[in-house]
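1. After the sequence you'll find the predicted model.
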Amino acid sequence: MKHIADVTILNNGIAMPRFGLGTYKAEGEEVASAVATALELGYRSIDTAAVYGNEEEVGRSIAASGIKRDSLFVTTKVWNSDQGYDETLRAFETSSKKLGLDVIDLYLIHWPGTDKYKATWRALERLYAEGRVRAIGVSNFQIHHLEELRKDSETVPAVNQVELHPRFIQKELHDYCASRQIQIEAWAPLMKGRLQDNELLQGIAGKHGKTVSQVILRWGLQNGIVIIPKSVTASRIKENSEIFDFELSAEELAAISGLDASERIGSDPDKLLF
């Protein structure tokens, strides 16, 4: 993991960048500029979702970048209100049109919600079989959701995108996914800035001449996690990408993991029903 373009190979053989840009709650010119800045800096993975309301802007920035399509990795997600077999197929067409992309690299079920996710998964399998998506996966799925999915499908999700940061490492889920070759991807890897004053992280950052954010992101990478920090600030987008010129020791990695307190800042997937 020495370069921003480093990839992990998903369980279907597709290469996915280990590092990318998240675009949650970024809209209009703000997100268009952020994506353009990221691509100029060497980012090659962009994560969006139907509910973010920014797929058109993301698509326009990708098109304007002039970067070859096969050098980019674009993820989007089907929202809760669009779950179900036919509903998901329609939602995908809408996302594809907004992004201006015939093929999406990774399409995720945004939340498990209710048992509708099984019908949604069948729709994703169809899109995958038809070549409209290169990989399919889930987001915010717990072990029992993945086990339920396994009962009715032979297709193992390529990715599970979940809340994950030093205060919420989800070790049991991470281990489960690793044993089944499901790549864990972290949203809110920086805990939305809430770890900046942590003394342990500040000490490790000072030792390496890095920022707390850079140390956290490096911790994620060295734990085999795909990370997609969100920012719309050019300087922060650049800072987040400068994590490939140092390594944390085994002791530092363990100390950071020791900050775990099962402290979730987002919704609990078992309580978000629709």
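-> That came in fine, so what should we check first?
2. give me every residue that touches Asn160.
-> Gly137, Val138, Ser139, Phe141, Leu146, Leu173, Cys177, Ile182, Gln183, Ile184, Glu185 (Cβ atoms under 8 Å, 6 or more residues apart in numbering). Just so you know, the C-beta spots here come from the backbone N, C-alpha and C atoms, and that holds for glycine as well.
3. so the fifth one makes contact with Tyr176?
-> Translated: Leu146. Yes. If you go by Cβ atoms under 8 Å, Leu146 and Tyr176 touch, sitting 7.2 Å apart.
4. which residues does the closest residue to Pro189 other than its chain neighbours bridge with?
-> Distances taken as Cβ to Cβ, 6 or more residues apart in numbering place Ile227 nearest to Pro189, at 4.7 Å, with adjacent residues excluded. Applying DSSP bridges to Ile227 yields these beta-bridge partners: Phe19, Ala186.
5. State the number of residues packed around Ile227.
-> When neighbours are defined as other Cβ atoms under 10 Å, Ile227 has 27 of them.
6. same question, Ser231
-> Using other Cβ under 10 Å: Ser231 sits among 20 other residues.
7. now the one 5 residues further on
-> Neighbours of Arg236 under the rule other Cβ under 10 Å: 17.
8. what's the distance between it and Gln214?
-> 11 Å (Cβ to Cβ, to the nearest Å).
9. Repeat that for Ser45.
-> Distance from Ser45 to Gln214, by Cβ to Cβ: 18 Å.
10. Compare the two (neighbour count), which wins?
-> Taking other Cβ under 10 Å, Ser45 and Gln214 do not tie; Ser45 has more neighbours (25 against 20).
11. Flag every buried residue along stretch 134-144.
-> Neighbour-count burial for stretch 134-144 flags Arg134, Ala135, Ile136, Gly137, Val138, Ser139, Asn140, Phe141, Gln142 (criterion: 16 or more other Cβ atoms under 10 Å).
12. Is it possible to get JSON lines of those that adds distance to Leu272, pLDDT and secondary structure?
-> As requested, the buried residues of stretch 134-144 are exported to JSON lines (distance: Cβ to Cβ, whole Å; pLDDT from 0 to 100; DSSP: H, G, I helix; E, B strand; the rest coil):
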{"residue": "Arg134", "distance to Leu272": "28", "pLDDT": "98", "secondary structure": "strand"}
{"residue": "Ala135", "distance to Leu272": "24", "pLDDT": "98", "secondary structure": "strand"}
{"residue": "Ile136", "distance to Leu272": "21", "pLDDT": "98", "secondary structure": "strand"}
{"residue": "Gly137", "distance to Leu272": "18", "pLDDT": "98", "secondary structure": "strand"}
{"residue": "Val138", "distance to Leu272": "14", "pLDDT": "98", "secondary structure": "strand"}
{"residue": "Ser139", "distance to Leu272": "12", "pLDDT": "98", "secondary structure": "strand"}
{"residue": "Asn140", "distance to Leu272": "8", "pLDDT": "98", "secondary structure": "coil"}
{"residue": "Phe141", "distance to Leu272": "12", "pLDDT": "98", "secondary structure": "coil"}
{"residue": "Gln142", "distance to Leu272": "11", "pLDDT": "98", "secondary structure": "coil"}
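13. I appreciate the help and will end here.
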